[in-house]
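Enquirer: quick one: sequence plus predicted model below, questions after.
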Amino acid sequence: RALIFPLLIREGKPTPFFTFVLALLFCVFNGYLQGRSLSTYATYPPGWLKDPRFITGFIGWLIGMAINIHSDHILRNLRKPGETGYKIPRGGMFEYVSGANFFGEILEWFGFALACCTIESLAFALCTLFILSSRAKQHHQ
């Protein structure tokens with residue numbers, strides 16, 4: 001998402017520099033933590049890629065990513081160029097939840113945590129849940 005979303009976003013409100021720096025630091029630290037955990041400390045039995053936990057987690061991650069990308073597409077196309085004001089998104093998972101993009105990202109990272117079965121991936125999934133559920137509640141209101 002960190003690579004796809006910025007390339008597809010249209011003009012909008014500028015992001016404050018401090019927010020950008022905090023997000024960048026978080027992504028770098030989390031990427032290091034996940035990569036180090038998986039490459040150095042995680043051990044998996046032979047046949048892990050056929051284990052139901054890995055398969056279920058991978059499918060959850062894939063579905064979550066698809067929901068996230070599709071929801072972002074809907075959000076990017078809510079307003080025509082030059083149009084302002086609030087609009088309620090329709091279509092896709094927005095028919096079921098008001099924060100479909102947040103739901104997709106939460107599903108994505110819980111799928112990742114299940115596929116990896118590491119404490120670091122679970123910690124990231126929980127952080128994502130707490131942060132994005134708070135944002136989703138604000139957006140819903």
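Expert: Cool, got the structure. Numbers count the residues shown, from 1 in each chain.
Enquirer: give me the local confidence score for residue 83.
Expert: Here, the pLDDT recorded for residue 83 equals 77.
Enquirer: for residue 75, same thing?
Expert: Here, the pLDDT recorded for residue 75 equals 88.
Enquirer: gap between it and residue 55?
Expert: Applying CB to CB, to the nearest Å, the value for residue 75 to residue 55 is 30 Å. The C-beta positions use only the backbone N, C-alpha and C, and glycine is treated the same way.
Enquirer: what do you get for residue 111?
Expert: With distances taken as CB to CB, residue 111 is found 10 Å from residue 55.
Enquirer: next, the buried residues of the helix or strand harbouring residue 19.
Expert: Using DSSP states H and E, residue 19 maps to helix 17-36. Under the neighbour-count criterion of 16 or more other CB atoms under 10 Å, helix 17-36 has 30, 34 buried.
Enquirer: how about that helix as PDB, C-alpha atoms only?
Expert: Output of helix 17-36 as PDB, limited to C-alpha atoms (Å, rounded to 0.1, in the frame of the first residue of the first chain):
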ATOM      1  CA  PHE A  17       5.700  17.300   6.800                       C
ATOM      2  CA  PHE A  18       5.700  16.100  10.400                       C
ATOM      3  CA  THR A  19       3.000  13.600   9.700                       C
ATOM      4  CA  PHE A  20       4.900  12.400   6.600                       C
ATOM      5  CA  VAL A  21       8.100  12.000   8.700                       C
ATOM      6  CA  LEU A  22       6.300  10.000  11.400                       C
ATOM      7  CA  ALA A  23       4.700   7.700   8.800                       C
ATOM      8  CA  LEU A  24       8.000   7.200   7.100                       C
ATOM      9  CA  LEU A  25       9.800   6.400  10.400                       C
ATOM     10  CA  PHE A  26       7.000   4.000  11.400                       C
ATOM     11  CA  CYS A  27       7.100   2.200   8.000                       C
ATOM     12  CA  VAL A  28      10.900   1.900   8.000                       C
ATOM     13  CA  PHE A  29      11.000   0.600  11.600                       C
ATOM     14  CA  ASN A  30       8.100  -1.800  11.000                       C
ATOM     15  CA  GLY A  31       9.600  -3.000   7.700                       C
ATOM     16  CA  TYR A  32      12.900  -3.700   9.500                       C
ATOM     17  CA  LEU A  33      11.200  -5.400  12.400                       C
ATOM     18  CA  GLN A  34       9.100  -7.700  10.100                       C
ATOM     19  CA  GLY A  35      12.000  -8.400   7.800                       C
ATOM     20  CA  ARG A  36      14.500  -9.100  10.600                       C
END
